[in-house]
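Chemist: Structure, please.
(chains A and B)
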Amino acid sequence: MKKSCETLQETLLDVHYGEAPMTKELKDHIKICRDCALFWEELGEISALMDFPETADPLSPLVISKILRENTSSMQKNRPMRDLVFFMTGSAAFLGSVLYLSLSGHGEILMKTYLFIFLISPITLPFIAKQQITRGA
Amino acid sequence: MIQEQLIKAAKQRNPKALEQLFQESYPVLFGYLMKATLNEDIARELTQETFLKALKNIESFKEKSKFTTWLVSIATNLHKDMLRKRKHENPKTPFDSLAFDESAEERVMEKDSFARVKSVLMNLPVEKRRIFILKHYYNYTYEEISRIENCPIGTVRSRLHDCIKKIRSEMEAETI
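Modeler: Purely as a prediction, here's the structure:
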């Protein structure tokens, strides 16, 4: 086969699959070249020969629910790891800011704040209890 | 619901939208995998894996291509992974014979046209076969196939040409 025929047959393949337009040059060549005419004819035959029936039944709802379930369970599997990362980042940010404040001379304010946070619940607890008792009575 | 709305709803994990999207793309996806693997069980398994992977990564779907094209590229990668894994597990098994469940005797016995098509596809090297399937049966453009297969357009074109050459030689052998 001539080199030019090989190149033209590649172009004929592009034409067959709609990747290139059929030009006058190609049409004229097919008329005079037996090899290329046969190639063009065989491309049509291949289409008929390679018919492959589509046998897919509709996707079963069971399969869909299985896919959705598997996705949910894999997401849940990843959740503890995500929560851990979130917690660690939050803790690091909190401890970092505490460290920064204490090193930059705000230790006293920090101690007072901590004292307030620690004492607020035991101080307010009797008041809440008293309120509940009076409401119950 | 139109495709864009469906995808938007699917990205918000709406089960009905996901079901409709999967139902619509199932025939193409399963048909593609069936032709690429020539084994119904493997095709079913890969279809499910593709849907699962798509569901996990649906937020990353950019809507530049069709949803089915995106699924086909996921399926192609899963098929490549499966072949690589099996080749690694059993290096002595010929690469192309991995996906088939028919014995040579059965192949000779089958005379109908469908068996002939299967046999022709079976004789194409697997990476070339996928390209032929995408072009011949699903009419994807060279550009889309190059994106799905992650290879240059020139490679797609030459592989397709090789497939046609091989099919032609088989046709000639049959007529002799």
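
Chemist: What count of nearby residues applies to B:Ile58?
Modeler: Using other Cβ atoms under 10 Å in any protein chain shown, B:Ile58 is surrounded by 18 other residues. Every residue, glycine included, has its C-beta placed from N, CA and C.

Chemist: which residues touch B:Ile58?
Modeler: Counting by Cβ atoms under 8 Å, 6 or more residues apart in numbering or on different chains, B:Ile58 touches B:7, B:10-11.

Chemist: and if we set it to 10 Å?
Modeler: With contacts defined as Cβ atoms under 10 Å, 6 or more residues apart in numbering or on different chains, B:Ile58 is in contact with A:71, B:7, B:10-13, B:18, B:21, B:67, B:70.

Chemist: Please identify which helix or strand holds B:Glu172.
Modeler: According to DSSP states H and E, B:Glu172 maps onto helix B:153-175.

Chemist: tell me the mean pLDDT for that helix?
Modeler: Averaged over helix B:153-175, pLDDT sits at 88.

Chemist: Cross the contacts of B:Ile58 against helices and list the overlap.
Modeler: A:71, B:7, B:10-11, B:18, B:21, B:67, B:70 (DSSP state H).

Chemist: between these, which is nearest B:Ala43?
Modeler: B:Trp70 (18.4 Å; Cβ to Cβ).

Chemist: Please name the nearest non-neighbouring residue to that closest one.
Modeler: Excluding its sequence neighbours, the residue lying closest to B:Trp70 (Cβ to Cβ, 6 or more residues apart in numbering or on different chains) is B:Phe61, at 5.5 Å.

Chemist: In contact with A:Gln131: list those residues for me.
Modeler: A:Gln131 neighbours (Cβ under 10 Å, 6+ apart): none.

Chemist: pLDDT weak spots in chain A?
Modeler: Low-confidence segments of chain A, defined by pLDDT under 70: A:1-3, A:55-56, A:74-75, A:77-78, A:137.

Chemist: What segments of it are helices?
Modeler: For chain A, the helices defined by DSSP H occupy A:3-16, A:24-32, A:34-49, A:61-103, A:107-136.

Chemist: Deepest-packed of those, please.
Modeler: helix A:3-16 (a mean of 16; mean count of other Cβ atoms under 10 Å in any protein chain shown).

Chemist: mind checking how far that one is from the chain centre?
Modeler: 40 Å (Cα atoms, centre = their mean, to the nearest Å).

Chemist: ditto for stretch B:128-140
Modeler: On Cα atoms, centre = their mean, the centre of stretch B:128-140 falls 8 Å from the chain's centre.

Chemist: Outline the domain layout of chain A.
Modeler: What automatic domain parsing lists as the domains of chain A is A:3-49, A:73-135.

Chemist: roughly how far apart are A:Ser73 and A:Pro21?
Modeler: 53 Å (Cβ to Cβ, to the nearest Å).

Chemist: SS state for B:Thr50?
Modeler: Assigned by DSSP: H, G, I helix; E, B strand; the rest coil, the conformation of B:Thr50 is helix.

Chemist: Now A:Gly18. Its backbone dihedrals?
Modeler: phi 70, psi 20 (degrees, to the nearest 10).

Chemist: contacting residues for it?
Modeler: B:135, B:139, B:141.

Chemist: Take those and keep only those in helices.
Modeler: B:Lys135.
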